[in-house]
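K.L.:
model the following, please.
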Amino acid sequence: MKYPAFICVTLLLASCATTEQPAQSASRTRKAYVAGEPVPIMTARLPELVPGALPPRVRYHFADDDMVNRLAERLKIGLSSADASLYGDIVMVQPGAWSRLKNTMSLDSTDASNLSMLDLKSGLNGGLAGGLQGRVFRSKHAMDLLSAEIPKRLHEDGGFQVRALRTTEMAKWWIYIALDIEEPTFVIESAGGHYRFIVALLKEKIFSIDELNGLPGEG
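P.N.:
The predicted structure is shown next:
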């Protein structure tokens, strides 16, 4: 299958690569579901945590309902209290999130490294779009800033809810990651609709964060 996507052109920290390996291992042990295929029955989930129908090309790995419910509640509590322990030792702040946060976060080279990617979305039509920038956060100072800034923005926009990805959101986001979507992954949407942060958890900690409204395109 041909995957349009970002291609990472910056070598990430060795520690970041190590952090991602368990997620890759999980993808091999849990079935990847695709559009049109019967998905697991999710009667034990809260309704807002049931994802939308899978769009074409997206591959999706479901987690246990109890885990999804529990981690969604942990996110609600942790974001409400700006709890820095929600975040892992390394967090990949993807381009959509970084485009929304960069003007209010003062970081230096000891806090974060560049995450540079080529947007190949227009490559579907034979073109190549410009690169988009993210950051790999790796210091306590960076995590403290992140853990304070996101709740502040959510509060200013009327509060938030934690929910699953909708069909249109999966279709948009997949173009920029070109990877399987693996639960536990949640959307944190502000009440006013200005923010739709996508957070992926590894070992019950946030290790990746993106923001749909900060990415080009509809969805």
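
K.L.:
which SS class is the nearest residue to Ser81 once chain neighbours are set aside?
P.N.:
Ranked by C-beta to C-beta, 6 or more residues apart in numbering and with sequence neighbours excluded, the top spatial neighbour of Ser81 is Pro151, at 7.9 Å. C-beta: built from backbone N, CA, C; applies to glycine. Following DSSP: H, G, I helix; E, B strand; the rest coil, the label given to Pro151 is helix.

K.L.:
what about Pro151, how many residues close to it?
P.N.:
18 (other C-beta atoms under 10 Å).

K.L.:
and the gap between Ala82 and Lys140?
P.N.:
Between Ala82 and Lys140 the computed distance is 14 Å (C-beta to C-beta, to the nearest Å).

K.L.:
Leu215 contacts Pro95, doesn't it?
P.N.:
Yes. Checked against C-beta atoms under 8 Å, the pair Leu215 and Pro95 is within contact range at 7.0 Å.

K.L.:
what is in contact with the two at once?
P.N.:
Common contact partners of Leu215 and Pro95 (C-beta atoms under 8 Å, 6 or more residues apart in numbering): Tyr176.

K.L.:
and the residue nearest to Ala53 when sequence neighbours are not counted, what is it in contact with?
P.N.:
Once flanking residues are discounted, Ala53 sits nearest to Thr167: 5.1 Å by C-beta to C-beta, 6+ apart. Remark: with contacts taken as C-beta under 8 Å, 6+ apart, Thr167 is in contact with Gly52, Ala53, Leu54, Pro55.

K.L.:
again, only this time at 6 Å
P.N.:
Contacts for Thr167 (C-beta atoms under 6 Å, 6 or more residues apart in numbering) come out as Gly52, Ala53, Pro55.

K.L.:
do Val199 as well
P.N.:
Phe186, Ile206, Ile209.

K.L.:
output the residues you listed in JSON lines, with secondary structure and pLDDT appended to each entry.
P.N.:
Below are the contacts of Val199 laid out as JSON lines (DSSP: H, G, I helix; E, B strand; the rest coil; pLDDT from 0 to 100):
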{"residue": "Phe186", "secondary structure": "strand", "pLDDT": "98"}
{"residue": "Ile206", "secondary structure": "strand", "pLDDT": "97"}
{"residue": "Ile209", "secondary structure": "strand", "pLDDT": "97"}
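
K.L.:
still on that earlier bit, how much space between the residue nearest to Ser81 and Phe160?
P.N.:
Pro151 sits at a distance of 8 Å from Phe160 (criterion: C-beta to C-beta).

K.L.:
one more: Gln133?
P.N.:
Counting by C-beta to C-beta, the gap from Gln133 to Phe160 is 25 Å.
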